[in-house]
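Peer 1: no sequence for this one, just the structure:
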Ligand SMILES: *Cc1c(COP(=O)(O)O)cnc(C)c1O
């Protein structure tokens, strides 16, 4: 049995969560039309919908909240954040924004015009949306290992560099507005990207004169995997690895709601292109607010300046990744398949393997999501055909590469006992898997349907 890495913190404040009965949960989920996004969070015992903005802040961050300078222009907290971000990421120009997608909105229209392309190891959904809103098209170019859930390669999030170069030549280098490296690769299951791969990608970009951008929400988890898995990095500090990784990119967008351990915030970084930064500042003022607060309150900026450093702490990262690996080890023991090895921010369970009798168009990932809520009050989400939706032209249900049910683990929020509840619930469901039925959609909106759709269980 894999050892659980003990928490490198103690608990100073608690939030009571409601214990419900199975009978109550069956009623709540039926009232929510079998869509967990329609549940009230007060009826959820363990909430694993996302690790974004759901993190627990430290006493030092709460101290920062009290210190926050709410000046409209030139606030003290702003300068603290800029100093922290320049120190860690090494980029000269830093712009705070209210969350990651705001950085995408500010930057991408400056890089992409109608008919152009963005190439990424894998685009996150808001990233893809902002590429398309800028008139571009998003091309994913991940290594093939990412598509085999049993393949335990150390860097399954990597860019397929050979294919990248082929795509650039096929579409024409002047048509490629940006190459985006997502670290860790969220869509592939929080899988890391190696320094070697980042370096090679940056060299291809340099060769063709294409801007190279990091989508860096999980920069610290990615650096931890590099330290553990990549030759030559075992004796470097997490901060040194982060600084090196960012040195290869001309710019980055970042959701601070993940590894910077805050509830709201984002950053845009430009390494040294002053003209581009001046344009970003002008757009920030239009969309987000004045440049020295960028859509955030001073207190949130101060908490972010503190959180950026806390996210780099190696003891914290060992506990954080260890927690996910502990859950993975319990699933290995029970013969439950997931995107292996464990990613940085959660476990993506293979619902199609658990329910081989439920076809993709009856949504195995969503069936497991509903069962987990009924079984133990756990809220997770489908990352499969249910989320993918219909073909925009033929209106036919699309078949996803995977039928995943995602357990996204918030930072510093749940304990070993909670992780055991998750594993035990999955094991109980596996034992009665053949009796679980699929679902049918009774109503759906035209886009991003999984947030709002109504479902009913099939007989
Ligand atoms: C969360 C996330 C974003 C978007 O950030 P928000 O803060 O949710 O706007 C972009 N890219 C990746 C990889 C993310 O995980």
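Peer 2: Structure received. Note that the structure is a prediction, hence the values are computed from the model and not measured. Residues are numbered from 1 along each chain as shown.

Peer 1: chain center to stretch 185-204: distance?
Peer 2: 14 Å (CA atoms, centre = their mean, to the nearest Å).

Peer 1: could you give me the average pLDDT of it?
Peer 2: The average pLDDT within stretch 185-204 is 96.

Peer 1: Quick check: buried residues in it?
Peer 2: 185-195, 197-198, 200-202, 204 (16 or more other CB atoms under 10 Å). Every residue, glycine included, has its C-beta placed from N, CA and C.

Peer 1: Equivalent analysis for stretch 122-129, please.
Peer 2: Neighbour-count burial for stretch 122-129 flags 122-124, 126-129 (criterion: 16+ other CB under 10 Å).

Peer 1: Please apply the same query to stretch 225-236.
Peer 2: Within stretch 225-236, the residues scored as buried using 16+ other CB under 10 Å are 225-227, 230, 233, 236.

Peer 1: Mind checking which of these land in strands?
Peer 2: Judged by DSSP state E, strands contain none of those.

Peer 1: which stretches of the stretch 201-350 of the chain form strands?
Peer 2: With DSSP state E, counting those that start in this stretch applied, the stretch 201-350 of the chain shows strands at 212-215, 251-255, 266-270, 346-350, listed in chain order.

Peer 1: Out of those strands, which is closest to the ligand?
Peer 2: Ranking the strands of the stretch 201-350 of the chain by proximity to the ligand (CB to the nearest ligand atom) places strand 251-255 first, at 3.1 Å.

Peer 1: Longest strand in this structure, by number of residues?
Peer 2: Using DSSP E, we find that the single longest strand of the chain is strand 176-182.

Peer 1: Show me the contact partners of it.
Peer 2: 108, 111-113, 116-124, 127, 134, 136, 157, 159, 164, 167-168, 193, 198, 201, 204-205, 208, 210-215, 217, 249 (CB atoms under 8 Å, 6 or more residues apart in numbering).

Peer 1: Give the pairing partners of that strand; include direction for each.
Peer 2: Looking at strand 176-182 with DSSP bridges, its partner strands are strand 117-120 (parallel), strand 212-215 (parallel).

Peer 1: Return the most buried member of those.
Peer 2: Sort the strands paired with strand 176-182 by mean neighbour count, taking mean count of other CB atoms under 10 Å, and strand 212-215 sits at the top with a mean of 26.

Peer 1: So which residues on the protein come close to the ligand?
Peer 2: Within the chain, the residues that sit near the ligand (CB under 6 Å from any ligand atom) are 52, 99-101, 124, 126-127, 182, 186, 215, 217, 255, 257-258, 266.

Peer 1: Just the ones in helices from the residues you listed, please.
Peer 2: Mapping the residues of the chain next to the ligand onto helices (DSSP state H) picks out 100-101, 126-127.

Peer 1: Lowest-confidence entry in those?
Peer 2: In terms of pLDDT, the lowest of these is residue 126, showing 89.

Peer 1: For the ligand, what's the nearest residue on this protein?
Peer 2: residue 100 (2.4 Å).

Peer 1: Could you count how many residues lie near the closest residue to that residue other than its chain neighbours?
Peer 2: The shortest distance from residue 100 to any non-neighbouring residue, by CB to CB, 6 or more residues apart in numbering, is to residue 255 (2.8 Å). Neighbour count for residue 255, taken as other CB atoms under 10 Å: 29.

Peer 1: How about residue 332?
Peer 2: Per other CB under 10 Å, the neighbour tally for residue 332 reads 14.

Peer 1: How about residue 348?
Peer 2: By other CB under 10 Å, the residues close to residue 348 number 27.

Peer 1: how much space between it and residue 186?
Peer 2: From residue 348 across to residue 186, the span is 10 Å (CB to CB, to the nearest Å).

Peer 1: same question, residue 127
Peer 2: Separation of residue 127 from residue 186 (CB to CB): 9 Å.

Peer 1: re the thing from before, for the residue nearest to residue 100, list each beta-bridge partner.
Peer 2: With DSSP bridges applied, residue 255 shows beta-bridge pairing to residue 266.

Peer 1: if I pick it, what's in contact with it?
Peer 2: Applying CB under 8 Å, 6+ apart, we find residue 255 in contact with 52, 99-101, 103, 217, 266.

Peer 1: mind listing the helices for the stretch 201-350 of the chain?
Peer 2: 219-229, 238-247, 274-287, 298-310, 314-334 (DSSP state H, counting those that start in this stretch).

Peer 1: could you dump those helices to JSON lines with mean pLDDT?
Peer 2: JSON lines is the format used below for these (pLDDT from 0 to 100):
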{"stretch": "helix 219-229", "mean pLDDT": "98"}
{"stretch": "helix 238-247", "mean pLDDT": "98"}
{"stretch": "helix 274-287", "mean pLDDT": "98"}
{"stretch": "helix 298-310", "mean pLDDT": "98"}
{"stretch": "helix 314-334", "mean pLDDT": "98"}
